[in-house]
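**Student:** only geometry, no sequence info:
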């Protein structure tokens, strides 16, 4: 019965750590989902930008009635505007990804600090258990030594009494 209670008590400390590990895995899964959502939003923004650019192509100066130099200038200017818009959208997308990554990093740092604190607590608990075990081992050895001394004294007393009885 004493062994059963030790087994039950011995496994109880393990259960909370399993649930904490599951929570950490759930946090990582939600982080991955958030990053995926941000990437999807960024793709949608790029698609919208491309649609706006196509609409603007039809609205910008008519190239049919312009001479070659003006047409080249208009095309170059349109390309510069498109490139600038694309760079702006890419920058926004990268900024969103950076902020999501920074949030994930800060969350992971907090988790790391919590894990380190738990590790320190477990190490302290282990040291306390080791000290307790050492003390019990020392008391057991002292008890065993006392028993051996008692056994020797009893045997010597028995021999002395036996010798007296034989002498009488």
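**Tutor:** Happy to help now that I have it. From a predicted model like this one, the values you see are computed outputs, not experimental measurements.
**Student:** Do you have the helices of the protein handy? List them.
**Tutor:** In the chain, helices defined by DSSP state H lie at 2-12, 14-59, 68-167, listed in chain order.
**Student:** Adding mean pLDDT and mean neighbour count as columns, could you present those helices in JSON lines?
**Tutor:** (C-beta placed from N, C-alpha, C; glycine too.) JSON lines is the format used below for the helices of the chain (pLDDT from 0 to 100; neighbours: other C-beta atoms under 10 Å):
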{"stretch": "helix 2-12", "mean pLDDT": "50", "mean neighbour count": "9"}
{"stretch": "helix 14-59", "mean pLDDT": "69", "mean neighbour count": "12"}
{"stretch": "helix 68-167", "mean pLDDT": "96", "mean neighbour count": "11"}
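**Student:** Could you pull up the contacting residues of residue 101?
**Tutor:** Residue 101 makes contacts with residue 35, as judged by C-beta atoms under 8 Å, 6 or more residues apart in numbering.
**Student:** ah, wrong one, I meant residue 34
**Tutor:** The contact partners of residue 34, taken as C-beta under 8 Å, 6+ apart, are 100, 104.
**Student:** Over to residue 121?
**Tutor:** So residue 121 contacts nothing (C-beta under 8 Å, 6+ apart).
**Student:** now swap in residue 43 and tell me
**Tutor:** Applying C-beta under 8 Å, 6+ apart, one finds that residue 43 lies in contact with no residue.
**Student:** how far away is it from residue 31?
**Tutor:** Between residue 43 and residue 31 the distance, using C-beta to C-beta, to the nearest Å, works out to 19 Å.
**Student:** How about residue 153?
**Tutor:** Applying C-beta to C-beta to residue 153 and residue 31 gives a distance of 72 Å.
**Student:** and residue 168, how many neighbours?
**Tutor:** Each residue near residue 168 was counted by other C-beta atoms under 10 Å, and the total is 4.
**Student:** Begin at 198 from now on, thanks
**Tutor:** With 198 as the first residue, the last one maps to residue 365.
**Student:** Report pLDDT for it.
**Tutor:** Taken from the predicted model, the pLDDT recorded for residue 365 is 77.
**Student:** just residue 260 next, same as before
**Tutor:** Looking at residue 260, its pLDDT reads 57.
**Student:** do the same with the one 3 residues further on
**Tutor:** Confidence per residue is given as pLDDT, and for residue 263 that number is 73.
**Student:** Spit out the contact partners of it.
**Tutor:** If a contact means C-beta under 8 Å, 6+ apart, then residue 263 has residue 271 as its contacts.
**Student:** I'd like the distance from it to residue 275, if you could.
**Tutor:** Distance from residue 263 to residue 275, by C-beta to C-beta: 13 Å.
**Student:** try residue 310
**Tutor:** In this structure, residue 310 and residue 275 are 53 Å apart, going by C-beta to C-beta.
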